[in-house]
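A.B. asks: Here is a sequence together with a model predicted from it:
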Amino acid sequence: MKKRNKIISIVMLSLLVIGVVSAVLAPYFGSKLTTLDVSLPILVTGIEPETITGGYGCEQVTGKPITIENKANQETDIEIISEILDDGVGVTTSYIGTLVLTKKDIVSWIPIGPSIEITYTIVGNTFEYDVISGEIPDGYELVYAMDNANRFSEYATVKRLSEITEDLPMAGDWNAGEDANYCNYVNTYDDYEQCKGAKLWIVKSDNIGNEGVLSWVNMVDYYYETNLIQYNSLGEITMSPNSTLVIKPVFDLDCMLVGTVVINTTIDNV
């Protein structure tokens with residue numbers, strides 16, 4: 001009887017060993033393959049090679065427009081770079097954009113015209129502008145307008161162009177702060193292409209007081225922005241979500257320049 005029990009014990013132990021050896025660990029409960037089709041957030045068009053002929057030293061020539069689109073739903077920082085190839089010299093490159101300034105109804109702030117269209121420097125050594133449509137009235141001038149935190153109760157502070165010695169918008173400008181958002185704005189009149197940036201206005205010169213405080217006595221006659229702008233001497237620009245920026249290269253030629261110079265414009269990630 002004891003011998004039989006011993007045999008049964010041996011058989012049961014053998015079965016237990018076999019069961020442990022045959023068990024395995026599954027590698028996972030389940031799996032899914034995901035293929036991501038990713039595109040660059042920035043789309044640049046108008047970058048085909050071009051040849052500009054007929055230029056002379058001491059002149060300024062303008063290239064064809066370049067369109068920069070931010071396809072992403074978030075801000076994207078870019079850098080606009082100009083490089084003279086083959087050790088060329090004698091050309092200073094800047095990049096300009098266009099802006100329409102218009103009179104607005106000072107109650108509804110809806111544009112009512114007339115309008116003035118200008119070009120302005122986006123990238124370059126100095127901030128400059130030119131009028132390409134309309135005319136700035138006598139006694140008026142283009143200024144950079146900085147809004148205060150309480151912008152609906154406090155007067156704006158403006159800077160004359162001769163006072164602009166740094167990039168735009170400047171530090172402390174509400175229009176460039178985290179609370180500013182001129183894209184999909186709650187009203188219909190401040191829905192701009194660029195969500196944050198600097199405002200350019202055309203105001204009466206004698207309405208600019210001490211420390212740039214602007215009088216609103218003649219506010220009905222001012223010309224106001226229809227978009228926000230940026231100026232950066234290093235070419236570093238922030239593209240608002242789903243926005244478009246059109247730039248034109250401008251080449252200032254040295255008076256002693258002769259021959260062929262090749263300039264490469266690159267739109268890169270900061």
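C.D. replies: Noted; the coordinates are in hand.
A.B. asks: how about stretch 171-186: buried residues?
C.D. replies: Across stretch 171-186, burial judged by 16 or more other Cβ atoms under 10 Å covers Asp173, Trp174, Asn175, Ala176, Ala180, Tyr182, Cys183. (Glycine included, C-beta is placed from N, CA and C.)
A.B. asks: now swap in stretch 115-127 and tell me
C.D. replies: The neighbour-count check on stretch 115-127 (16+ other Cβ under 10 Å) flags Ile116, Ile118, Thr119, Tyr120, Thr121, Ile122, Val123, Gly124, Phe127 as buried.
A.B. asks: Which SSE is immediately downstream of the worst-scoring helix or strand of the chain on mean pLDDT?
C.D. replies: Using mean pLDDT, DSSP states H and E, helix 2-22 stands out as the lowest-scoring helix or strand of the chain, at a mean of 50. Using DSSP states H and E, the helix or strand that follows helix 2-22 in sequence is strand 42-45.
A.B. asks: helices or strands up against that following strand?
C.D. replies: Judged by 3 or more Cβ pairs under 8 Å, 6 or more residues apart in numbering; DSSP states H and E, the packing partners of strand 42-45 are strand 66-70, strand 263-269.
A.B. asks: now with 7 Å?
C.D. replies: With contacts taken as 3 or more Cβ pairs under 7 Å, 6 or more residues apart in numbering; DSSP states H and E, strand 42-45 sits against strand 66-70.
A.B. asks: May I have the strands that pair with the strand it packs on, each with its orientation?
C.D. replies: Paired strands of strand 66-70, with direction, are strand 42-45 (antiparallel), strand 244-253 (antiparallel) (DSSP bridges).
A.B. asks: what's in contact with the shortest one?
C.D. replies: Contacting residues not belonging to strand 42-45 are listed as Ile66, Thr67, Ile68, Glu69, Asn70, Lys71, Thr76, Ile78, Ile267 [Cβ atoms under 7 Å, 6 or more residues apart in numbering].
A.B. asks: and Gly88, what does it touch?
C.D. replies: Val261, Val262.
A.B. asks: A strand includes it, no?
C.D. replies: No: counting by DSSP: H, G, I helix; E, B strand; the rest coil, one finds Gly88 to be coil, located in no strand.
A.B. asks: follow-up on the earlier one: with Pro111 as the reference, name the closest of the strands paired with strand 66-70.
C.D. replies: Distance to Pro111, taken as Cβ to Cβ, is lowest for strand 244-253 among the strands paired with strand 66-70, at 19.7 Å.
A.B. asks: tell me the angle of that closest one relative to strand 263-269?
C.D. replies: 150 degrees (axes from the mean of the first three to the mean of the last three Cα atoms, to 10 degrees).
A.B. asks: Could I get the average pLDDT for strand 244-253?
C.D. replies: Across strand 244-253, pLDDT averages out at 97.
A.B. asks: and the end-to-end length of stretch 175-184?
C.D. replies: Distance across stretch 175-184, first residue to last, is 15 Å (Cα to Cα, to the nearest Å).
A.B. asks: Pick the most buried one from the strands paired with strand 66-70.
C.D. replies: For the strands paired with strand 66-70, the largest average neighbour count (mean count of other Cβ atoms under 10 Å) is found in strand 244-253, namely a mean of 19.
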